[in-house]
Structure formats: C-alpha cells, structure tokens
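Trainee: Please find the sequence and the predicted model below.
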Amino acid sequence: MKPVLAILLALLCAAALAGTASSQPPVLVETDTVRLCPVSDPQVMPDFSGPDCRTTDLWSVDPQGQHLWMQARLVLDAAQLEGPGPFGLQVVAKASSEAWINGTYIGANGEPGASAAEEVPGRMDAVIYVPRALVHAGENIVTLRLSAMHGPVRLAAPMHYVAFGPYRDPTRRLVTAYWPSLITFGAFVIGFLFFGVTALRGEDREGSALLSAASLFAAVQLIAEVSRSLYPYAYPVHELRLITILACAIGFGLCLNAYLLLRLSGLGLRARLLRLAGLAAVMGGVVIWAAGFDGMTGYALLTASLAGIGWSLAAAIRRQAGARAYLAVLCGYTALMFFFPARFIDAYFYYAAAGILLFLFYRQAQTLVGERRRLRAEEMRARRLETALAEARQRTAPAQIQLVSAGRVDYVPTDTIVRLKGAGDYVEVLHGDGRSALYNGSLAGLESELPATFLRVHRSYIVNTAFVDALERDASGVGRLLLGDGSAVPVSRRIMPKVRSALAGTGG
C-alpha cells in the first residue's frame, strides 16, 4: 500500500506543478453581450441590429446544424499590445469559422456553409493571425461566421472560447496540462501486456484477464484524452474522442468491479455477471441523465467507484481477509473526485487509476504466488501417482494399516483395499471383495500412513493404484480412473498427463 500511495502522491504533485507553470492566458472576448444573426448571404456581413438578431452569452452560441453570424466585443489595454507580436485570434469551438476584426477579414478555419456539402470542417483548436495594425487599446469588434454541419453527436457546449493574445497554437496550453498524465501510460501498457500473457498461460485466468482489460481501457482513454494536445484534428474527430473517453471510462469501471466481485463476493460466475449487468444498466442511466460528456464520464466513474465501495464494505463487514485494503483504496479514489472535480477527468483520474492498478497488481501477484504453489503441490502429487502406478505393477509386498471403529481396532491388509472415500469425520473403506466399512478419522490423516501404491487423486478419494484398470478422459479435460471393482474415481485435469504417461509406460 505505501509504495502505491507514494507514487500516486508524486504524480499528483507533478500535475500541480505543471498547472502552475502555465503562461498568462489570452484575453477573452466579452462573453455576456454576444450578438447572433442567421446567415442569409455569406458575402454580406449584417449590421447585427435586425429583428432576426439576438443577444446571448458565448457559451449559449450553438452553430451545430446552423449557419450563423456572431459579433463580440474585445477590450484590450495597452500592456496587452506590447511586444513585437505576432498576435492571433484563438477560436476553440466545434465549428468551422471565418473571422474579421474591426471589419477587416483576417482568415478562416475550414469553410463555414449552409449544409454539410458546402462546409469544410475546421480544426477544433484554431488560431488565426491578427496583424498588429488591426487592433488598438480599448474596444475592438470580433466578427465570426460559424457553422457545424458534421459529426454524429450534438454537444451541450460547442463553443469553448474566443480569445486574443500572442500567436500560439491553443494546444500548447493543453500539452502543459496533459503531459504529466503520460507518466502513467507505461504502467497501463505494462499491466496490459503482463496480465494478458499471464491470462493466456492460464494463471488465474479470469483475474489476470480483468486486470489486463482494465489497463487497456485506461491506456486507450489516456491516449484519447491527450490526443487533443498531440495533433490538430478537425472538429468532427472531437466527438469521436469524447465517445472513446466515455466508453473506456465505463469499461474501466466495470472491469474494476468485476475484479472486486471475483476476489470478495464468493459468488459464482452467473451471479457475478448479473450484478455487473445491473451496474452497467445503472451507469447507462447515469450517462443518459448527465449533461455534457465531462459530466457523463465523471458520473459514470463515480457510480462505478461507489459500487466498488459497496462490495468492499460488505466483505469487510463479513471480516473477509483483504477487504479493508480494497475499501481504503476505493475511498481514496472517490475522494479525489470531490477534491479535484475540475481536473479529475482530464488528469487526476489517470494518476488515481495507476495507483489503483498498482495496488491490484500487488494483490494479483500474491494470488499468482499462491496459485503457483498449488500447481507445484499438484505436480508433486502427479509425480507420486506416476511412481505409485509403477510400483503397483511390481506387486509390492502387502502391508497392514490400523483402523479404529467404535472403540475397536482392526489391522487391515492394504492389498485388499480398493479405495478409501472421505465421509465427514469418517472414512469409508471399500475392499476388493465388495465389503465396505466405516472407520473413524480423515483422509488427510490416513494418507501419510498408506503405502506408496495409494494416492489421493481427489479431495474425497484415495485409490489403490494396484486396482486401476483404465484411464478415461472427458471432453472437458477431466479424467477418471476405472477400478477393478467396476467403480470410477475422478482425476484432476492437471494430473491427467502424468497418469496417462505412467499407465502407458507400464502397459496399463
């Protein structure tokens, strides 16, 4: 836990430092007195005083499916015009645009039009060069012709901002905000590859596959998030980017909860899938209810984290080992959403996701170690079976075993015993002549006292390999030993190859 929290804290500090290093922001146009008019003739700029024009705020301007003229005031002071320049007008919006300053045309971002066929999509983050001579201290007028006729999704706020300042690509500020998040990309890729290979090798296949999928969702979401700062894309791509971020956030949340249910619930696959389906339905309802893609993504992640807290809390109440650690990590993750709501989706989610995955990687590593120990124990048992089968064919000398029943002690020749079956606090002993008897004790207690020709091939059975007639294998890979008395005993899938090899070597 401590290394994970230390890494998470370091990543958050890096993000905070990156945020404070940003340069002075450009000057926004006045957002409360924006005038809008429909476009009747794209070659003739209106005077914005007609009856079909209206005043609104910048954030309410919606060029989606519309062809609009927009006029806004830009108030500058002399200090903001100092320096050699060059200067630029930044238009960050889901729109194609043409721009004028104080009545003079300065350039275009794409080509606005009255239909999708007439419009050429512009960049989501655009800057248009502004000659120094066109602007002056005091009030300036910015005019835009806008349209957004492409894209499958309607955004709640297509206009982000329009601003004047030193000429620079608007994505430069995004690079400053996003680059610390890329530190986590390596952890996501390593987690995806390592646990993907581990799942393919069959080591705790379900748990490893869920961690690999969660890492992949986080990595793809991160790439989609930072893509806006890595290359200038046309505005229709922005919608696909937002859809990808939302889908990956939902996928990450479901994988996280699937892993928690696997580790903490003790439920079967069907019951766990039903609970995940219910969670997915709730997340879908939250997405439909929330406004804007940031809201959809944030509330989807919050729903998933609250569900995870619920599973963990229930397991902690049952005093299940490790449940409190899961609960503490998820509570910390959820707290970040409330402490940093403005930056969580863009940046802090990735630091928190990396911290959670590092913690889960550690717990998964513990599980894999336990799995490998179990496999080694099964291998040892398989080797014992192979040896026992070989010795059985050599007709080892009979031996006796002491068995107790109702105060009576019997000395039973082991060469007459076909198999022993566990029955609670008793052991049922079946002889070759069909007799059976019930004795006190357990299979575990008798296993070490029986000769090498006896082997425990199932949690409920010990067999005398001298009575093995044949080995059968089901389509599922599980086998069974056919014994001389006509009965059959199940054999573990992992022991099957050793049994088959031993029988083949002895001619059985």
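Mentor: Nice, I can see it. Values in this document were obtained by computation on a predicted structure and should not be read as measured data. Numbering: from 1, shown residues only.
Trainee: Now for residue 101: which residues touch it?
Mentor: 74, 89, 130, 134-135, 140-143 (Cβ atoms under 8 Å, 6 or more residues apart in numbering). Where you see a C-beta, it was placed from the backbone N, CA and C, and this is true even at glycine.
Trainee: Distance check, it against residue 142.
Mentor: Taking Cβ to Cβ, to the nearest Å as the measure, residue 101 falls 6 Å from residue 142.
Trainee: cool, and residue 136?
Mentor: As for residue 136, its distance to residue 142 is 13 Å (criterion: Cβ to Cβ).
Trainee: out of these two, which sits in the more crowded spot?
Mentor: For residue 136 and residue 142, the more surrounded residue by other Cβ atoms under 10 Å is residue 142, and the numbers stand at 24 against 12.
Trainee: helices and strands around whichever helix or strand the more buried one is part of, which ones?
Mentor: Mapping residue 142 onto the secondary structure by DSSP states H and E places it in strand 138-147. For strand 138-147, the elements it packs on are strand 67-76, strand 87-93, strand 96-101, strand 159-166, judged by 3 or more Cβ pairs under 8 Å, 6 or more residues apart in numbering; DSSP states H and E.
Trainee: Let me have the contacts of residue 101 in TSV, extended by distance to residue 188.
Mentor: As requested, the contacts of residue 101 are arranged in TSV below (distance: Cβ to Cβ, whole Å):
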residue	distance to residue 188
74	42
89	37
130	41
134	47
135	45
140	46
141	48
142	42
143	45
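Trainee: out of those residues, which is most surrounded?
Mentor: Neighbour counts for the contacts of residue 101 (other Cβ under 10 Å) peak at residue 89, which has 28 neighbours.
Trainee: Please tell me the pLDDT value assigned to that one.
Mentor: The predicted local distance difference test score for residue 89 is 95.
Trainee: Phi and psi next, for the residue nearest to it when sequence neighbours are not counted.
Mentor: In space, and not counting its chain neighbours, residue 89 is closest to residue 128: 4.8 Å by Cβ to Cβ, 6 or more residues apart in numbering. Note on residue 128: backbone dihedrals following degrees, to the nearest 10 are phi -120, psi 130.
Trainee: Let me see the contact set for residue 128.
Mentor: With contacts defined as Cβ under 8 Å, 6+ apart, residue 128 is in contact with 88-89, 91, 99, 106-109.
Trainee: and if we set it to 10 Å?
Mentor: Residue 128 makes contact with 88-91, 97-99, 101, 106-109, 144, 167 under the criterion Cβ atoms under 10 Å, 6 or more residues apart in numbering.
Trainee: swap in residue 111?
Mentor: The neighbourhood of residue 111, defined by Cβ under 10 Å, 6+ apart, consists of 42, 96-98, 118-122, 145, 147.
Trainee: Give me the pLDDT value at residue 392.
Mentor: pLDDT recorded at residue 392 is 59.
Trainee: Also residue 411?
Mentor: The per-residue pLDDT reported for residue 411 equals 87.
Trainee: Pretty sure it sits against residue 400.
Mentor: Yes - distance between residue 411 and residue 400: 4.7 Å, which falls inside the contact criterion (Cβ atoms under 10 Å).
Trainee: if you count what's nearby, which of those two comes out ahead?
Mentor: For the pair residue 411 and residue 400, the greater number of neighbours falls to residue 400 (12 against 8), based on other Cβ under 10 Å.
Trainee: residue contacts, that one?
Mentor: 410-415, 451.
Trainee: try it again with 7 Å
Mentor: The neighbours of residue 400, taking Cβ atoms under 7 Å, 6 or more residues apart in numbering as the test, are 411-414.
Trainee: same thing with residue 162?
Mentor: Taking Cβ under 7 Å, 6+ apart as the criterion, residue 162 is in contact with 29, 58, 72, 90-91, 142.
Trainee: Cool, thanks, signing off.
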